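1. Sequence plus the predicted model coming up.
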Amino acid sequence: MAQADSETRDLLILGGGLVGMALALAAAKQGISSHVIDRADPAELTREGFDDRATAISTASWHLFTNIGIADYLEPFACDISSIAVTDQNKPGRIDFTPEPHEGTLGRMFPNRRLRLALFEAAAEEPLINWVSKAEIVERQRSEFGVAAVLHDGRKLKGRLMVAAEGRQSPTRDEAGITIAKWDYKHSAVIAGLTHTKPHDNVAWEIFYPAGPFALLPMNDDPDGTHRCSLVWTVSEEDGKAVTKLGDRAFLAEVQKRMGDILGEITSVGPRSSWPLGFHHTAKITAERLVLIGDSAHGLHPIAGQGLNLGLRDVGALVEVLADGARLGLDPGDAQLLKRYENWRGLDSFMVALATDGLTWLFGVPGKTASAVRRLGMSAVQRTPMLKTFFMDEARGISGDLPELLKA
């Protein structure tokens, strides 16, 4: 067994995706060591074309990336979101969220592949991270004295605190018996990259239809000047498979019909993928020597683009709690520290989840009357600067009790 594998480390992070790896790096900056165990092959996750999804990174999340040292690598791939336009079926009465010049952007778009590469390359060079990939966990152990994971090849990695960062289907959460509230939206998100004739001017569009939101998110132009955006189109479950199987011409015609002339003519579409949509939220996010972060604890509709950003807030809060504890000589699995994390993150993530679910429901009510009421409400928001500022602060992730790592 390699020496790093045999060490008992502070954290045993199960799941090495974007949130799990961000935690390992943020913890390492505070001198907190970790084992990161992931079943995936990093080469597969970062190959060209594996995942065409892109993610909106909030201002607060960008501060975290800056503070953990990956912002310089990511900077060339950023596409600013300078404004968000919200409409009900492209009818009159839209809301424009455009901050003042001194307030900066509302976030930035990044290809998921670039986020993974930045995190993986930084983690590979960090001695406080022992990264074990392509590993199946056959047994998880927790006791008052410590935690361990037994791998399929017989290796046993030990730590002081187990962190479940495995995503929506977290086996660690389920094994711990943590109850979860969840419902299926009976919808899928169809994701695709588009090229188009008009520049997007760094505007993110959220067009609401009764079947679900239709979002056009700005991406950097290609080197030859071709304009690009990322489409996230919510369709009913039964339509999801049919939409992904449409030929390119038929697919583009459907997209064009829903977006109108906003980006001119759609000239091409990249590979399409479809992802089922659901809501889930755990009753608690800690147990004996265990914490949940990211999608293991909460899963949202992509309507507000907050899923990863919420997970990164978990990262910032957990690292702050553990670093404060370490200064007092407390063990990372100390019950008081876990209680502080639970109190800090439990309510915030639930409120964001509730608001997101409410929006999904509100904009999904069919009929002309419902549409008229929505547009009345939207025009009221458009005329109320205080409300617009509130929504923009939420989008930037800078409201509420923010961890230090997510501050400039």
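-> Structure's in. What do you need? Since this is a predicted model, take the numbers as computed values, not measurements.

2. So which bits of stretch 61-73 are buried?
-> Buried positions in stretch 61-73, judged by neighbour count with 16 or more other Cβ atoms under 10 Å: S61, W62, H63, L64, F65, T66, N67, I68, G69, I70. (C-beta placed from N, C-alpha, C; glycine too.)

3. List the contacts of the fourth one.
-> Pointing back at L64 there. L64 makes contacts with A22, A26, L312, V315, G316, L405, L406, as judged by Cβ atoms under 8 Å, 6 or more residues apart in numbering.

4. Closest to T46 out of the residues you listed?
-> Of all those, T46 sits closest to A22, with 15.6 Å by Cβ to Cβ.

5. did I read that right, G264 in a helix?
-> No: G264: not assigned to a helix; according to DSSP: H, G, I helix; E, B strand; the rest coil it is coil.

6. distance of it from H227?
-> 8 Å (Cβ to Cβ, to the nearest Å).

7. what sits in contact with each of these two?
-> Joint contacts of G264 and H227 (Cβ under 8 Å, 6+ apart) are H196, T197, K198.

8. what's near enough to touch the closest residue to the last one other than its chain neighbours?
-> Pointing back at K198 there. Nearest residue to K198, sequence neighbours excluded (Cβ to Cβ, 6 or more residues apart in numbering): G264, at 3.4 Å. Taking Cβ under 8 Å, 6+ apart, we find G264 in contact with H196, T197, K198.

9. buried subset of those residues?
-> Buried, going by 16+ other Cβ under 10 Å: H196, out of the contacts of G264.

10. For the contacts of L64, pick the one with the most neighbours.
-> A22 (31 neighbours; other Cβ atoms under 10 Å).

11. where's the nearest residue to E288 once chain neighbours are set aside relative to G264, distance?
-> Distances taken as Cβ to Cβ, 6+ apart place R142 nearest to E288, at 5.7 Å, with adjacent residues excluded. Applying Cβ to Cβ, the value for R142 to G264 is 56 Å.

12. L64 now?
-> 36 Å.

13. In the stretch 151-300 of the chain, what residue spans correspond to helices?
-> In the stretch 151-300 of the chain, the segments counted as helices under DSSP state H, counting those that start in this stretch are 171-175, 237-245, 248-259.

14. just flag whichever of those has the lowest average confidence.
-> Note on the helices of the stretch 151-300 of the chain: lowest mean pLDDT is at helix 237-245, with a mean of 83.

15. got any ranges where this structure has weak pLDDT?
-> 1-2, 49-52, 301-306, 347-385, 387-392, 394-395, 398-399 (pLDDT under 70).

16. which stretch of helix or strand covers the residue nearest the centre of it?
-> For the chain, L308 is the residue whose C-alpha lies nearest the centre (Cα atoms, centre = their mean; 1.5 Å). Element membership of L308, judged by DSSP states H and E, is helix 307-327.

17. So what's the gap between that helix and the chain middle?
-> Its chain's C-alpha centre and that of helix 307-327 lie 15 Å apart, by Cα atoms, centre = their mean, to the nearest Å.

18. Please apply the same query to stretch 205-222.
-> 17 Å.

19. Name the residues of it that are buried.
-> Those would be 205-209, 212-219, for stretch 205-222 by 16+ other Cβ under 10 Å.

20. CA atoms only: put that stretch into CSV for me.
-> Provided in CSV are the C-alpha atoms of stretch 205-222 (Å, rounded to 0.1, in the frame of the first residue of the first chain):
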residue,chain,number,x,y,z
TRP,A,205,-32.1,34.6,-21.7
GLU,A,206,-34.7,32.8,-19.5
ILE,A,207,-37.9,32.3,-21.6
PHE,A,208,-40.7,30.6,-19.7
TYR,A,209,-43.2,28.2,-21.3
PRO,A,210,-45.9,26.1,-19.6
ALA,A,211,-43.8,23.0,-20.3
GLY,A,212,-40.8,24.6,-18.5
PRO,A,213,-38.0,27.2,-18.9
PHE,A,214,-36.0,27.6,-22.1
ALA,A,215,-32.6,29.2,-21.4
LEU,A,216,-30.0,30.5,-23.7
LEU,A,217,-26.7,31.1,-21.9
PRO,A,218,-23.8,33.1,-23.5
MET,A,219,-20.6,31.3,-24.3
ASN,A,220,-17.4,32.6,-25.8
ASP,A,221,-17.2,33.0,-29.6
ASP,A,222,-15.2,30.5,-31.5
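
21. circling back: show me what the helix holding L308 packs onto, helices and strands only.
-> helix 18-29, strand 54-57, helix 59-67, helix 335-364 (3 or more Cβ pairs under 8 Å, 6 or more residues apart in numbering; DSSP states H and E).
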